[in-house]
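Participant: Just need the structure, nothing else, for what follows:
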Amino acid sequence: MRAVLLGLLSLGVIAVAVAWQAKEGGETKPTLAPSVLKWYKGNLHTHTLWSDGDDFPEMVADNYRKAGYHFLALTEHNLLAEGAKYAKIPEKGPRREALKKYATRFGSDWVQQRFTKGETEVRLKPLTEFRSLLEEPGRFLLIPAEEITDKYGPKPVHMNAINLRDAIKPLGGGNVSETIRANQRAVNEQAKKAGRPILMFLNHPNFGWGVNADDMLAAEELRYFEVYNGHPGVRNDGDKTRPDTERMWDILLALRLGKLKLGAFYGLATDDSHQYHKMAVGQSNPFRGWVMVQAKHLTAEAMVTALEAGQFYGSTGVELNELITTKEELRLKIKPQPGVTYKTQFIATMKDASLESKPGGKDEPRVYGDDIGKVVAEAEGLEASYKPTGKEWYIRARVISSKLHPNPFKKGDLEMAWTQPVVP
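Facilitator: Below you'll find the predicted structure:
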């Protein structure tokens, strides 16, 4: 259980006593002392030319910084941005345009080129080499991270590890859940040896229909996943026979709390950005989804610790002026935008709901009842609250605005926000 008082003034700074001590899955978390907390905006899923992105890491990081983000994790596939690596630059195309912008922004002396068999190659700077150009104390932070890109058979199983010291080689497993657990153990072992907090979350479960809710339930150590991913190919919305990611979240919460007696499960919003030169539906662009994390300091350790405490919400555009989550109440106030209206839905699974399931079709996940993840209350306007009755396994809030996302992964998406679940 947790008891967290989260508040936010219009300037993004609060002075509030936070008493928080969680015991989830047998693990007791530290109590945070009274402090002045701030909200920090960050993206935890980003790609550059170090893997399959189409721009230089300095350019990507600088663009996020200019867009008002406070922290960014560069999550390349199965590597950290370190060592020697060169990117080939064709004579024409987006990489050539990217090189011109790169040289203009950082200067021709910064760009290191070589010519191999008539082809232009540019040295990619490691994180340790360029971070000092962009980081500012209390203003912008780069966090070392990796997308551990694993699979079980044809099923993709991707996980992001945030605040890594060393890259982790995908370990595989005897099934999807064992694959998740093997990599989670490797992350936990590194955190222990390095003496630093490292967070692992599951990426885009519906990508390639790789991971279903039961796979995540069987991976008991897993406590975080992407409820929203801005890549156009990850199938956040599911299909006729497979649940969307919010439905998966409710299944996970209901079964973990009501049947397995495990702790809560948390949902993040991320970009999964790859393409930076053309902003459009169908492109894997930046600035689509992010997390708002509440902490005292802008450090990697503080960000991970706050995420572990559930002191964050996910957003695709909706910003909260106040968020209070205790066992007695979930209350929020929305920062208004001109001409925009808001609806807050409180979603819960009641303790009398059936948690049983039945088999799905061939290669389809098991089917759970409609009583899991029901909207139990709604409110229009800038303020909304819900007081648990004790009959809920959990309660979470979803805020839906009337404003279209300025660059959605699919046409018609509205700006939204998701709070983390409260366990009465």
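Participant: Make sure residue 324 is actually in contact with residue 333.
Facilitator: No: counting by CB atoms under 8 Å, residue 324 does not reach residue 333; the two are 9.0 Å apart. Where C-beta positions appear, they are placed from N, C-alpha and C, glycine not excepted.
Participant: could you pull out the strands for the stretch 301-424 of the chain?
Facilitator: All strands of the stretch 301-424 of the chain, identified by DSSP state E, counting those that start in this stretch, fall at 312-315, 320-325, 330-334, 342-350, 357-358, 367-368, 374-380, 383-386, 392-404, 414-418.
Participant: wait, I meant the stretch 101-250 of the chain
Facilitator: Taking DSSP E, counting those that start in this stretch as the criterion, the stretch 101-250 of the chain carries its strands at 113-116, 119-123, 141-152, 155-162, 199-202, 224-229.
Participant: Output those strands in CSV, with mean pLDDT appended to each entry.
Facilitator: As requested, those are arranged in CSV below (pLDDT from 0 to 100):
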stretch, mean pLDDT
strand 113-116, 93
strand 119-123, 96
strand 141-152, 98
strand 155-162, 98
strand 199-202, 98
strand 224-229, 98
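Participant: Tabulate these in JSON lines, adding columns for mean neighbour count and distance to residue 350.
Facilitator: Formatted as JSON lines, these follow (neighbours: other CB atoms under 10 Å; distance: least, CB to CB, whole Å):
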{"stretch": "strand 113-116", "mean neighbour count": "10", "distance to residue 350": "63"}
{"stretch": "strand 119-123", "mean neighbour count": "16", "distance to residue 350": "57"}
{"stretch": "strand 141-152", "mean neighbour count": "22", "distance to residue 350": "34"}
{"stretch": "strand 155-162", "mean neighbour count": "24", "distance to residue 350": "32"}
{"stretch": "strand 199-202", "mean neighbour count": "23", "distance to residue 350": "26"}
{"stretch": "strand 224-229", "mean neighbour count": "25", "distance to residue 350": "21"}
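Participant: Now render those strands as CSV, adding distance to residue 48.
Facilitator: Formatted as CSV, those follow (distance: least, CB to CB, whole Å):
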stretch, distance to residue 48
strand 113-116, 18
strand 119-123, 12
strand 141-152, 12
strand 155-162, 15
strand 199-202, 20
strand 224-229, 17
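Participant: just to revisit the earlier point, give me whichever of the strands of the stretch 301-424 of the chain is most buried.
Facilitator: Per residue and on average, the most neighbours among these fall to strand 312-315, with a mean of 24 (mean count of other CB atoms under 10 Å).
Participant: hmm, who's touching it?
Facilitator: By CB atoms under 8 Å, 6 or more residues apart in numbering, the residues outside strand 312-315 that reach it are 227-228, 266-269, 289-294, 306, 320, 323, 415-420.
Participant: What pairs with that strand, parallel or antiparallel?
Facilitator: Within its sheet, strand 312-315 is paired with strand 290-295 (antiparallel), strand 414-418 (antiparallel), according to DSSP bridges.
Participant: what about the longest helix in this protein?
Facilitator: When the chain is parsed with DSSP state H, its longest helix is helix 176-194.
Participant: So residue 207 sits against residue 156, correct?
Facilitator: Yes: the pair residue 207 / residue 156 is scored as a contact, 5.7 Å apart, by CB under 8 Å.
Participant: Per-residue pLDDT of residue 361, please?
Facilitator: At residue 361, the pLDDT value in this model is 87.
Participant: How about residue 25?
Facilitator: Looking at residue 25, its pLDDT stands at 43.
Participant: now the one 3 residues further on
Facilitator: Note on residue 28: pLDDT of 44.
Participant: same thing with residue 329?
Facilitator: Looking at residue 329, the pLDDT reads 95.
Participant: Distance of it relative to residue 384?
Facilitator: 11 Å (CB to CB, to the nearest Å).
Participant: Overlap of the contact sets of these two?
Facilitator: By CB under 8 Å, 6+ apart, no residue touches both residue 329 and residue 384.
Participant: Identify each of the helices in the stretch 201-350 of the chain and give its residue range.
Facilitator: Using DSSP state H, counting those that start in this stretch, the helices of the stretch 201-350 of the chain run over residues 213-218, 245-258, 300-308.
Participant: returning to that earlier point: kindly reformat the strands paired with strand 312-315 as CSV and extend each row with distance to residue 149 and mean pLDDT.
Facilitator: Listed next are these as CSV, based on distance: least, CB to CB, whole Å; pLDDT from 0 to 100:
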stretch, distance to residue 149, mean pLDDT
strand 290-295, 21, 98
strand 414-418, 25, 98
